[in-house]
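A.B. asks: the sequence isn't on hand, but the structure is:
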Ligand code: FES
Ligand code: FES
């Protein structure tokens, strides 16, 4: 077994898992964080996207042991009990998801993008979402939601700075 200790959504968590366990499997089965989805299991669909040390990763391709000592943010870490994260809210407002299966991955890719680039162009948003496959909605409404979220997050930041 491999002992893994990492910070997930701000909380230190530990588990002992077989060495071949992926980060996705550990999140879902050891910690009951089932927001990240198992789609293709080979790095093609992005449904398993989480943020590790600030970067979006396909958690189906990362071994749990590789996440030892690192900081992981999952979709469960975004909302507070009272408020959706601005990205979740604009995805809801823009009706950007239908079945929702791709949603956690798309939203985490969007979050990583907006953390690194608060004012992305449409091309940059497309590029950031290129690894997230959606079989229902298409990308126009997702791009609109990311643009709106960027605006909300920028204005919240400038209010905080004032
Ligand atoms: S489940 Fe990880 S990329 Fe598809
Ligand atoms: S909303 Fe169904 S896969 Fe994207």
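C.D. replies: Yes, it's here. Keep in mind that this is a model prediction, so the values were computed, not measured. Ligands and ions are numbered 1, 2, ... in the order given.
A.B. asks: now the most centrally placed residue in the chain. Nearest residue, chain neighbours left out?
C.D. replies: Nearest residue to the geometric centre of the chain (C-alpha atoms, centre = their mean): residue 108, 2.1 Å. Leaving aside its sequence neighbours, residue 108 sits nearest to residue 49 (C-beta to C-beta, 6 or more residues apart in numbering; 4.6 Å). Yep, even glycine has a C-beta here, placed from its N, CA and C like the rest.
A.B. asks: what residues does the chain put near ligand 2?
C.D. replies: 97-102, 134-137 (C-beta under 6 Å from any ligand atom).
A.B. asks: flag the least confident of these.
C.D. replies: Lowest pLDDT of those: residue 137, 79.
A.B. asks: can you get me a residue count around the spatially closest residue to that residue that is not a sequence neighbour?
C.D. replies: Nearest residue to residue 137 in three dimensions, chain neighbours excluded: residue 98, at 4.9 Å (C-beta to C-beta, 6+ apart). The tally of other residues near residue 98 (other C-beta atoms under 10 Å) stands at 14.
A.B. asks: so residue 98, which of the three states?
C.D. replies: Following DSSP: H, G, I helix; E, B strand; the rest coil, the label given to residue 98 is coil.
A.B. asks: the one 10 residues further on now?
C.D. replies: Secondary structure assignment for residue 108 (three-state DSSP): helix.
A.B. asks: got it, and the one 5 residues further on?
C.D. replies: Classification of residue 113 by three-state DSSP places it in helix.
A.B. asks: ok, residue 14 next?
C.D. replies: Classification of residue 14 using three-state DSSP returns strand.
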